[in-house]
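Visitor: let me see the structure of the following:
(one chain, ligands or ions: 1)
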Amino acid sequence: MRVVFVGPPGAGKGTQAENIVRDYGLFHLSTGDALRAAVKAQTPIGQEAEKYMSAGALVPDEIVIGVVVERLDEAKDGCLLDGFPRTIAQAEELDRILAEKNAPLDVVLELDVPEEELFKRLASRGRADDNPEVIKQRLVAYHNQTEPLVGYYTGKGVLRKIDGLGTVEEIYGRIKAVLDEFK
Ligand code: AMP
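Guide: Now for the predicted structure:
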């Protein structure tokens with residue numbers, strides 16, 4: 001099963017991704033985690049990515065796609081792509097990569113959370129890029145660059161919207177109900 005997880009910063013993708021990979025045995029690829037590891041290790045990619053991440057901007061497509069291509073080969077038994085793609089260009093590149101492997105996406109989960117709730121959740125999290133100015137920029141980047149993916153994947157008939165309000169267990173229950181259709 002190949003799953004993409006889309007949603008604004010603070011929607012709870014990371015938390016739910018942990019539940020999903022545990023129960024469905026999927027390879028978890030979080031580009032945010034991979035980029036943060038590169039920043040921590042101060043690799044050339046990390047040094048470049050850090051400039052964008054600290055400003056709440058998206059890292060350029062070429063850099064992110066490089067990170068994904070390197071790791072996607074490990075995803076033999078299916079994958080959960082968490083935070084990738086985040087632009088139409090990334091989505092098109094992903095389609096090309098998966099078409100070559102003859103392994104199309106099964107489903108794209110959109111975690112839907114109202115903006116005022118996102119601010120509350122992000123402000124209480126305490127990550128380096130969770131200060132109010134950077135949060136605002138990350139939400140702008142989401143609306144301008146990532147939200148168009150909802151239309152892109154709706155057009156392909158693979159998008160499923162998940163209500164992201166409620167307890168972690170309630171939201172995970174909604175996710176499982178969808179994923180169980182594809183097992
Ligand atoms: P996340 O942990 O998914 O919230 O990602 C943290 C930050 O990493 C984002 O604000 C971006 O700067 C960068 N990032 C992660 N994934 C991508 C992506 N697919 N495209 C561009 N930038 C990304």
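Visitor: give me the nearest residue to whatever residue of the chain ends up closest to the ligand, chain neighbours excluded.
Guide: Residue nearest to the ligand within the chain (Cβ to the nearest ligand atom): residue 32, separated by 2.0 Å. From N, CA and C alone the C-beta is placed, and that goes for glycine too. Using Cβ to Cβ, 6 or more residues apart in numbering and skipping residues adjacent in sequence, the residue nearest residue 32 is residue 83, 4.7 Å away.
Visitor: from residue 112, how far out is the one you found?
Guide: For residue 83, the distance to residue 112 equals 16 Å [Cβ to Cβ, to the nearest Å].
Visitor: what about residue 162, which SS state?
Guide: Of the three states, residue 162 takes strand under DSSP: H, G, I helix; E, B strand; the rest coil.
Visitor: got the CA coordinates for whichever strand or helix holds residue 151 in PDB?
Guide: Residue 151 belongs to helix 148-155 when elements are defined using DSSP states H and E. Output in PDB follows, covering the C-alpha atoms of helix 148-155 (Å, rounded to 0.1, in the frame of the first residue of the first chain):
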ATOM      1  CA  PRO A 148      -3.300  22.900  -4.900                       C
ATOM      2  CA  LEU A 149      -2.400  19.200  -4.400                       C
ATOM      3  CA  VAL A 150      -5.900  18.600  -3.000                       C
ATOM      4  CA  GLY A 151      -7.300  19.500  -6.500                       C
ATOM      5  CA  TYR A 152      -4.500  17.600  -8.200                       C
ATOM      6  CA  TYR A 153      -5.200  14.400  -6.300                       C
ATOM      7  CA  THR A 154      -9.000  14.800  -6.400                       C
ATOM      8  CA  GLY A 155      -8.700  14.900 -10.200                       C
END
